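> Below are the sequence and a predicted model for it; my questions follow.
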Amino acid sequence: QVQLVESGGGLVQAGGSLRLSCAASGRTFGSYAMGWFRQAPGKEHEFVAAIDWTGSNTYYADSVKGRFTISRDYANNTLYLQMNSLKPEDTAVYYCAANRAVTYRWNYDYRGQGTQVTVSS
């Protein structure tokens, strides 16, 4: 069982930055691929970024490539999403998720409760 708790969301102006964190419980954090997804009002969950269990391979949606960076800290069982050059269209609830393998679909084995990110124009 893996429990995930996101933090770091908030209100930021366009062009600003935020860093999201996802604290994972359990001793098996290092064996899971991790991902970030987001859901804007009235839309489906959208893949944002993922990192494999080794930490060596990362994957990004085209809409965030070059602006967002996913990383993981094994010592602290924490996943991060550094978001730079934020745009109003990045406004959404952001979720972290854990899975046995990287996938771009929302059906990860474990998912957090989400943190709100609002980007004002």
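Structure received.
> what about the residue sitting nearest the centre point of the chain, helix or strand, and which?
Among the residues of the chain, the one closest to the centroid is residue 36, at 2.6 Å (C-alpha atoms, centre = their mean). For residue 36, the element it lies in under DSSP states H and E is strand 33-39.
> and that strand, what's its mean pLDDT?
Averaging the model's pLDDT scores along strand 33-39 yields 98.
> Could you export whatever helix or strand comes next after it as CSV, CA atoms only?
Note on strand 33-39: by DSSP H and E, the next helix or strand toward the C-terminus is strand 46-51. Extracted C-alpha coordinates of strand 46-51, given in CSV (Å, rounded to 0.1, in the frame of the first residue of the first chain):
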residue,chain,number,x,y,z
GLU,A,46,-4.4,14.8,-18.3
PHE,A,47,-0.9,13.3,-18.1
VAL,A,48,1.7,15.8,-17.2
ALA,A,49,5.0,14.0,-16.4
ALA,A,50,6.4,10.7,-15.2
ILE,A,51,9.6,9.2,-13.9
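> Which other helices and strands does whatever helix or strand comes next after strand 46-51 contact?
Next in sequence after strand 46-51, counting helices and strands by DSSP H and E, comes strand 58-60. Applying 3 or more C-beta pairs under 8 Å, 6 or more residues apart in numbering; DSSP states H and E, one finds that strand 58-60 makes contact with strand 46-51, strand 68-73. C-beta coordinates here come from the backbone N, C-alpha and C atoms, glycine included.
> List the buried residues of the last one.
In other words, strand 68-73. Residues 68-70, 72 are the ones in strand 68-73 that count as buried (16 or more other C-beta atoms under 10 Å).
> ok, of these, which one's closest to residue 30?
residue 72 (8.6 Å; C-beta to C-beta).
> Please report how far that closest one lies from residue 87.
25 Å (C-beta to C-beta, to the nearest Å).
> For residue 112, which of the helices and strands packed on strand 58-60 is the nearest?
Across those, closest to residue 112 is strand 46-51 (C-beta to C-beta), at 13.1 Å.
> Note down every partner strand of the closest one and its orientation.
strand 33-39 (antiparallel), strand 58-60 (antiparallel) (DSSP bridges).
> could you check the angle strand 46-51 makes with the strand or helix carrying residue 93?
Using DSSP H and E, residue 93 maps to strand 92-99. Put simply, strand 92-99 runs at 40 degrees to strand 46-51, going by axes from the mean of the first three to the mean of the last three C-alpha atoms, to 10 degrees.
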